[in-house]
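> Sequence first, then the predicted structure:
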Amino acid sequence: MDIELRLLRSFVAIYESGTLSRAAERLACTQAAMSMRLKQIETEIGETLFLRQHHRLQPTSRGAELYARTLGVLAAYDEMISATRSGKPRQRLRLGVADDYALGILPRALARLGPDSGYEIEIVCDLSGNLAAAIQRSQIDLALVTLAARPQGTLFEAELALRWVSGPGFGHGAEGAVPLAAYPEGCVFRKAMIDTLEQARRPWFVQAQSRTHAGIVATLRAGIAVTAMAKGTAPESLAECVEAEGLPPLPDTPVYLLGHGNSRLSQLLQDELAALAGPGGWRKSA
């Protein structure tokens, strides 16, 4: 079976328009030509794709299935043609970002990079340990992570203040158990929260655990837990808590930019980290 792209586009036009006449207007051809194209594609498929109902063409189950698949085929073809005609090829850059930094640090760096950077950026959000391993396996080119110890391949490191973060309306007594929203065991932020509360002799429990930033943020917005984030990286809808609200201060946390070589995006991420850390709070590897 070898169906022409012209026939596939005609089929999509018929499916979305509901009539041959409207589909013909959309593709600037005659209704007779559109009818002939539909007959050709049904012959190729070997099944009826539409049923006539009250002056409209109602897709059969086979027609609906073909429509969904055809959209993917046409989109891939159009993207291929567009990339071929775009001239200068773009350099692929694979970036890994710990979830906490994907919204708090990365957008500012990407905005400064701009759309005409010459890069095609593949962004992978995952736990820091997984990203560090991916760097070692050369599966990604850059990674922004927080780990308990300084990893190999560190290009830049910064010490950022760690802050308690909660949603609007969250309340906890000065002596009550603190409900935590945390990443799985092994997360540096999770350990920092627990160690800090233990040292302050404050009871705590894990209210919610998630591998993703979206899961943590959803819990905070519900007002049922508190978590730790690097200063300046919390979403706008959340608030940093202060010591007066009964929570002991958290320690600073290291943030590492890992990678091989240098790039414009790497430098922009370093600039963002340096701005958050302040003078003396960062170090660039030799």
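Thanks, I have it.

> Could you use CA atoms for every contact and neighbour count after this?
Fine.

> State the distance from A161 to I105.
Taking Cα to Cα, to the nearest Å as the measure, A161 falls 14 Å from I105.

> G167 now?
Taking Cα to Cα, one finds G167 at 20 Å from I105.

> buried stuff in stretch 230-245?
A230, K231, G232, T233, A234, A239, E240, C241 (16 or more other Cα atoms under 10 Å).

> Pull the most distant pair out of these.
T233 and C241 (13.5 Å; Cα to Cα).

> Next, give phi and psi for A149.
phi -130, psi 150 (degrees, to the nearest 10).

> what bits of the stretch 51-200 of the chain have low per-residue confidence?
Filtered on pLDDT under 70, the stretch 51-200 of the chain yields the residue ranges 83-90, 171-175.

> contacts for the lengthiest helix in the chain?
If you go by DSSP state H, the chain has its longest helix at helix 61-85. Helix 61-85 is contacted from outside by L5, L8, R9, F11, V12, Y15, E47, T48, L49, F50, P89, using Cα atoms under 8 Å, 6 or more residues apart in numbering.

> Helices - which of the residues you listed land there?
Per DSSP H, the contacts of helix 61-85 map to helices at L5, L8, R9, F11, V12, Y15.

> Selection in ChimeraX covering whichever of these are buried, please.
Selection of buried members from these for ChimeraX, criterion 16+ other Cα under 10 Å:
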select :8,9,11,12,15
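
> Dump the ones in helices among the contacts of helix 61-85 into JSON lines; add pLDDT and distance to P115 as well.
Output for these, formatted as JSON lines (pLDDT from 0 to 100; distance: Cα to Cα, whole Å):
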{"residue": "L5", "pLDDT": "90", "distance to P115": "31"}
{"residue": "L8", "pLDDT": "93", "distance to P115": "32"}
{"residue": "R9", "pLDDT": "93", "distance to P115": "30"}
{"residue": "F11", "pLDDT": "94", "distance to P115": "35"}
{"residue": "V12", "pLDDT": "94", "distance to P115": "31"}
{"residue": "Y15", "pLDDT": "93", "distance to P115": "35"}
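
> so, if you compare the ones in helices among the contacts of helix 61-85, which one comes nearest to G118?
Once Cα to Cα is applied, the member of the ones in helices among the contacts of helix 61-85 that ends up nearest G118 is L5, at 30.6 Å.

> how near is the closest one to A76?
In terms of Cα to Cα, L5 sits 12 Å off from A76.

> one step back: looking at G167 and I105, which one has more neighbours?
G167 (24 against 19; other Cα atoms under 10 Å).

> Hmm, A222 and the more buried one touching each other?
Yes. Look at G167 against A222 with Cα atoms under 8 Å: they come within range, at 7.0 Å.

> Looking at the buried residues of stretch 230-245, which is nearest P59?
After measuring these against P59 - Cα to Cα - the closest member comes out as A234, at 47.7 Å.

> After the host helix or strand of A218, heading C-terminal, what element do we hit next?
Using DSSP states H and E, the element containing A218 is helix 213-221. Sequence-wise, the next helix or strand downstream of helix 213-221 (DSSP H and E) is strand 226-230.

> and that following strand, C-alpha only, in CSV?
Extracted in CSV, the C-alpha atoms of strand 226-230 (Å, rounded to 0.1, in the frame of the first residue of the first chain):
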residue,chain,number,x,y,z
VAL,A,226,5.6,22.1,53.6
THR,A,227,8.8,21.4,51.7
ALA,A,228,12.3,22.8,51.1
MET,A,229,13.5,24.6,48.0
ALA,A,230,16.5,26.7,47.0
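
> Note down every partner strand of the helix or strand following it and its orientation.
Proceeding C-terminally, strand 226-230 gives way to strand 239-240 as the next helix or strand, assigned by DSSP H and E. Applying DSSP bridges to the sheet, strand 239-240 is found paired with strand 154-166 (antiparallel).

> helices and strands around the very next helix or strand once past the strand it pairs with, which ones?
Helices and strands here follow DSSP H and E; after strand 154-166, the next one along the chain is strand 178-182. If you count contacts as 3 or more Cα pairs under 8 Å, 6 or more residues apart in numbering; DSSP states H and E, strand 178-182 packs onto strand 204-209, helix 213-221, strand 226-230.

> winner for burial among the ones you listed?
The densest packing among these, expressed as mean neighbour count by mean count of other Cα atoms under 10 Å, is seen in strand 226-230 with a mean of 25.

> rewinding a little: with only the CA atoms kept, save the helix holding A218 in PDB.
Output of helix 213-221 as PDB, limited to C-alpha atoms (Å, rounded to 0.1, in the frame of the first residue of the first chain):
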ATOM      1  CA  HIS A 213       8.100  18.700  41.100                       C
ATOM      2  CA  ALA A 214       4.500  18.800  40.000                       C
ATOM      3  CA  GLY A 215       3.500  16.300  42.700                       C
ATOM      4  CA  ILE A 216       5.300  18.300  45.400                       C
ATOM      5  CA  VAL A 217       3.800  21.600  44.200                       C
ATOM      6  CA  ALA A 218       0.300  20.100  44.100                       C
ATOM      7  CA  THR A 219       0.600  19.000  47.700                       C
ATOM      8  CA  LEU A 220       1.800  22.500  48.800                       C
ATOM      9  CA  ARG A 221      -1.000  24.200  46.900                       C
END
